[in-house]
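Trainee: Fold the following and give me the result.
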Amino acid sequence: MFVKVKARVYTDATGIYTELPVLLTPVGVLEPLLDYFLYRSHDRSLAWMTKVIRSVRMFLEYLQTNPAESDTYRLFQNFAQRLYTGTFDRETGLDPSNLCWSPRSPQDASHIITHLTDFFDWLGEMRPEAAKVNPRYVGGAFDRQTDQAAYQYRRSKAFLGHTWAANASPAGSGHHVRSRRLPKVEKGEPPAFPEEHFEKLLVQGFCAAGRYDYRSMLITLLLHGAGFRESEPFHLYISDVFPDSTNPSQAKVLIHHPSYGAAPADWRDERGRPRKGNRAEYLAHQFGLAHRTDLMNCRHAGWKGGTHDGAYYKQAYWFLPEYGEWFQLLWYRYLEQVARIERDHPFAFINLHREPIGAMYSLSQYNKAHAAACERIGLTVGKALGTTPHGHRHAYGRRLRIAGVDKALIRRFMHHASLESQEVYTQASTHEALAALEAAMQRLQGNHTRIQSAFSLLPGIELK
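Mentor: Purely as a prediction, here's the structure:
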């Protein structure tokens, strides 16, 4: 009944449009949600919008299967509980509602409720004061239904978003919904790419039929040797790479913010005069393109944010320094390939051998190339093993910690906004934890010997 589709949204007569995911109902686009996305389009990603659509779609589906429920508080509560329990009868395995929901994890259920909470809060704030019906949404049945749900939510506060019922009082209804919490777990082995296999991956893994994939080798060096997130290299322009003045044998790489980063220095206006501006302006003026975070196709590449080194770019801090030297050598080989190919965009990494030749190289293509490279050298591909692209960022953070680099500097090198963000990348491995226990045991060797000798007195027990 409800389908996510891609839409071009025109909000005035200028011809400028915004490309967004929208929720299509049997009577058209769900306009309250579209308005919400337009309101948040400047500060929220397409991936976030997709998650919100899923949450709203699930709530609307639940509403359609429970049309007779008049107690809105109980409706909200039951919806939240069905996220945890699923909708199948445990004894028969059947679902008379045809929702066919499997039980959600506590984290996933909490995210769904948070998305709805924020949406309903916003929708309630947009409603004219004292109005029971928002005049903007009187046309479509599902628009009215969504608006009315937001109105009832604002009245009852049945959904409690991030905190749920932590501060709520059950007075009036006699009960309230509380979120389930998973037990605390000490995180295990950080999923870092194994350092001992990296050079083999680079030299042998990215070589097929005697042909080296310099492009994927360069991207992998940016992840493993400089700790970039896997999507960030896909915003790189050729002009963003140049020899480091302090070490000419090493490449200096500046990955600029997709829209706020400075346009290339060689940008000229119609009269040939230098023109300044940001990358969003440059892409639109020179190529008629939106930046890659706004593209809703295979060319999309995300940008998580964090701290920038300048206005507005992230510098590659090579560790080990040799990785910056390797990058420069491979970069020159790659440029020899790119120089012969026409492009209709400024991005550095392009299709070299597959159609459309010269088009933007996509993140999904790189993920496939990386997986194939791992398999060529005998590695099993898996997130828990660190053999996906993100494992290289973990390896970078772990390498810095083992080398004794200060946490404040690790935060800067990994472009985190806070010190806490790096904890997942720099925690001790299981091997290191066991090694620490072994070292502690050696320090207490005398006591250990006495315990062992006493234990050996037990009948039927022989210690080796």
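
Trainee: mind listing the strands for the chain?
Mentor: Ranges of strands within the chain are 3-10, 17-25, 28-29, 207-208, 211-212, 241-244, 247-256, 313-315, based on DSSP state E.

Trainee: what does the average pLDDT come to for the last one?
Mentor: It refers to strand 313-315. This predicted structure assigns strand 313-315 an average pLDDT of 97.

Trainee: which secondary structure elements does that strand contact?
Mentor: Of the remaining helices and strands, those touching strand 313-315 by 3 or more CB pairs under 8 Å, 6 or more residues apart in numbering; DSSP states H and E are strand 247-256. The way it works is simple: take the backbone N, C-alpha and C, and place the C-beta from them, glycine included.

Trainee: Identify the neighbouring strands of the strand it packs on in the sheet and state each direction.
Mentor: Strands that pair with strand 247-256, judged by DSSP bridges, come out as strand 241-244 (antiparallel), strand 313-315 (antiparallel).

Trainee: Residue 5: neighbour count?
Mentor: 11 (other CB atoms under 10 Å).

Trainee: circling back: winner for burial among the strands paired with strand 247-256?
Mentor: Looking across the strands paired with strand 247-256 with neighbours counted as mean count of other CB atoms under 10 Å, the highest average goes to strand 313-315: a mean of 19.

Trainee: pretty sure residue 60 is touching residue 26, no?
Mentor: No: with contact defined as CB atoms under 8 Å, residue 60 and residue 26 do not form a contacting pair (11.0 Å).

Trainee: Now distance to residue 83 too, for the strands of the chain, in JSON lines please.
Mentor: Converted to JSON lines, these look like this (distance: least, CB to CB, whole Å):
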{"stretch": "strand 3-10", "distance to residue 83": "19"}
{"stretch": "strand 17-25", "distance to residue 83": "18"}
{"stretch": "strand 28-29", "distance to residue 83": "25"}
{"stretch": "strand 207-208", "distance to residue 83": "45"}
{"stretch": "strand 211-212", "distance to residue 83": "49"}
{"stretch": "strand 241-244", "distance to residue 83": "47"}
{"stretch": "strand 247-256", "distance to residue 83": "38"}
{"stretch": "strand 313-315", "distance to residue 83": "37"}
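
Trainee: For the strands paired with strand 247-256, give me JSON lines that also has distance to residue 302.
Mentor: Output for those, formatted as JSON lines (distance: least, CB to CB, whole Å):
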{"stretch": "strand 241-244", "distance to residue 302": "21"}
{"stretch": "strand 313-315", "distance to residue 302": "14"}
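
Trainee: Can you check which of these gets nearest to residue 331?
Mentor: The closest approach between residue 331 and any of those, judged by CB to CB, belongs to strand 241-244 at 5.8 Å.

Trainee: Tell me which residues are up against that closest one.
Mentor: Defining contact as CB atoms under 8 Å, 6 or more residues apart in numbering, one finds that strand 241-244 is touched by 249-253, 324, 328, 331, 348.

Trainee: roughly how far is it from the heart of the chain?
Mentor: The gap between where strand 241-244 is centred and where its chain is centred comes out at 29 Å by CA atoms, centre = their mean, to the nearest Å.

Trainee: How about stretch 205-221?
Mentor: 25 Å.

Trainee: and what of stretch 414-424?
Mentor: For stretch 414-424, the gap between its own C-alpha mean and the chain's C-alpha mean amounts to 15 Å (CA atoms, centre = their mean).

Trainee: before we move on, what about stretch 319-334?
Mentor: In terms of CA atoms, centre = their mean, the centre of stretch 319-334 is set 27 Å apart from its chain centre.

Trainee: Would you mark the buried spots in it?
Mentor: Going by neighbour count (16 or more other CB atoms under 10 Å), the buried part of stretch 319-334 is 319, 323-328, 330-331, 334.

Trainee: what's it in contact with?
Mentor: Counting by CB under 8 Å, 6+ apart, residues outside stretch 319-334 touching it are 202, 212, 214-215, 217-218, 221-222, 224-227, 241, 243-244, 247, 249-253, 316, 318, 396, 399-400, 403, 413.

Trainee: What number of residues are in the vicinity of the residue nearest to residue 397 when sequence neighbours are not counted?
Mentor: Leaving out its chain neighbours, the residue that sits closest to residue 397 by CB to CB, 6 or more residues apart in numbering is residue 425, at 3.0 Å. By the measure other CB under 10 Å, the count of residues near residue 425 is 22.

Trainee: quick one: contacts for residue 425?
Mentor: Remark: with contacts taken as CB under 8 Å, 6+ apart, residue 425 is in contact with 190, 393-394, 396-398, 414.

Trainee: Output the below-cut-off pLDDT ranges for this protein.
Mentor: Per-residue confidence of the chain (counting by pLDDT under 70) places the weak regions at 129-133, 156-182, 185-189, 446-453, 455-456, 462-464.

Trainee: If you drop the residues flanking it in sequence, what lies closest to the residue nearest in space to the middle of it?
Mentor: Residue closest to the average C-alpha location in the chain (CA atoms, centre = their mean): residue 304, at 6.8 Å. If you skip the residues right next to it in sequence, residue 304 has residue 229 as its closest partner in space, 5.9 Å away by CB to CB, 6+ apart.

Trainee: That neighbour and residue 423: what is the separation?
Mentor: In this structure, residue 229 lies at 16 Å from residue 423, with CB to CB, to the nearest Å as the measure.

Trainee: Alright, I will stop here.
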